[in-house]
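Q: no sequence for this one, just the structure:
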């Protein structure tokens, strides 16, 4: 996602997704955000979507942080399967 | 130095390191190669320098410790512990695998069965994995493939399996932003319910990218579709989830499925 010499690339759906995922380079993010200021409705949807991503991550983090069941220990699996 | 330019025997030396685990270390004590080397690339370069200095050498790496140990030098090749190392490397990823499996299936026991199948396959195919890639995408690819083939073989339980309420209630919600606990509860309930109402392909991509932090390229490889498809699934899935949770623009189907999972 580099800026071309002929000026910024048009904003694409992939830029918007990468904005939500916080994966844009600072330069590209600035371009996307400048583009969004002219489109308040899109900007609001984007913010809502970004918030949702964080909610989903937060929700599923609890599953991630659970203790791993003993049956999933690699050593136990190897012992069980010879 | 590329493998192509090396004499055949030397190229073979490099290929031998393919069996090493990610975290293999080589400690070479004394002499010009003195030092500690970590990882296949570093160890491979030591072996090739050693081979150049020692040629002709027709030994396998496993034998080098014994047959070609430089006199007066202590050579310790630490990859015997590969079994333990494999276990440690794989286990690092189990929490994320469980999270992904649970989010796909929303059934704790079924999710852990899927993870167990994935781990058993990973263990038995450990020697087959592509070493230049990292371990996490490899494990997720195995799990995703097992999930897909399991879905294909399973008796259809309908496109929208009901949310496992007991499981969901057991999940604590950690959101520093949400105001009240009640509101937070509603938010995450909605997030899970909305996720459950998405088509499977969209849900998978949303999870791999948005929760498991795979790059778009990795997600494309992992799910076996072009990157453009990943982006469009991501975009459509997120938009649909947003509309589901906002409660606006619901199609009749979406309303029904959302009620069913709530």
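A: Alright, I've got the coordinates. If you're wondering where the values come from, they're calculated on a predicted model, not measured in any experiment.
Q: Spatially nearest residue to residue B:246, not counting backbone neighbours?
A: residue A:48 (7.1 Å; C-beta to C-beta, 6 or more residues apart in numbering or on different chains). C-betas here are computed from N, CA, C, even on glycine.
Q: how about the helices in chain A?
A: Secondary structure of chain A by DSSP state H: the helices cover A:13-20, A:26-37, A:40-65, A:74-80.
Q: buried ones in stretch A:45-59?
A: If you call a residue buried by 16 or more other C-beta atoms under 10 Å in any protein chain shown, then stretch A:45-59 has these buried ones: A:45-46, A:48-50, A:52-53, A:55-59.
Q: Find the residue at the geometric middle of chain A.
A: Taking C-alpha atoms, centre = their mean, the centroid of chain A lies closest to residue A:21, which sits 2.5 Å from it.
Q: who's in contact with the closest residue to that residue other than its chain neighbours?
A: Spatial nearest neighbour of residue A:21, chain neighbours left out: residue B:209 (6.3 Å); criterion: C-beta to C-beta, 6+ apart. Residue B:209 makes contact with A:17, A:21, B:216, B:219, B:230, B:234, according to C-beta atoms under 8 Å, 6 or more residues apart in numbering or on different chains.
Q: now the angle from the helix or strand where residue B:209 lies to helix A:40-65?
A: Under the assignment given by DSSP states H and E, the secondary-structure element containing residue B:209 is helix B:200-210. Here helix B:200-210 runs at 80 degrees with respect to helix A:40-65, directions being taken by axes from the mean of the first three to the mean of the last three C-alpha atoms, to 10 degrees.
Q: Now the element after helix B:200-210, going C-ward?
A: Secondary structure here is assigned by DSSP H and E; on that basis, the next helix or strand after helix B:200-210 toward the C-terminus is helix B:216-223.
Q: Identify all contacting residues around that next one.
A: When contacts are taken as C-beta under 8 Å, 6+ apart, the neighbours of helix B:216-223 outside the stretch itself are A:14, A:17-18, B:137, B:140-141, B:144, B:201, B:204-205, B:208-209, B:214, B:226-227, B:229-231, B:234.
Q: Could you check that helix and say which residues are buried?
A: Applying a neighbour-count criterion of 16+ other C-beta under 10 Å, one finds B:216, B:218-220, B:222-223 buried in helix B:216-223.
Q: which bits of chain A sit near chain B?
A: Within reach of chain B by C-beta under 8 Å from any C-beta of the partner chain, chain A has these residues: A:13-14, A:16-18, A:20-21, A:23, A:45, A:48-49, A:51-66, A:68-69, A:71-75, A:77-78, A:81.
Q: let's go with 7 Å and repeat that
A: Among all residues of chain A, those adjacent to chain B (criterion: C-beta under 7 Å from any C-beta of the partner chain) are A:13-14, A:17, A:20-21, A:45, A:48-49, A:52-53, A:55-64, A:68-69, A:71-72, A:74-75, A:77-78, A:81.
Q: Tell me what angle the helix holding residue B:209 forms with helix A:13-20.
A: Going by the same axes, to 10 degrees, helix B:200-210 is angled at 50 degrees with respect to helix A:13-20.
Q: Give the buried residues for helix B:200-210.
A: B:202-210.
Q: how big is the angle separating it from helix B:216-223?
A: Helix B:200-210 and helix B:216-223 meet at an angle of 140 degrees, taking the same axes, to 10 degrees as the criterion.
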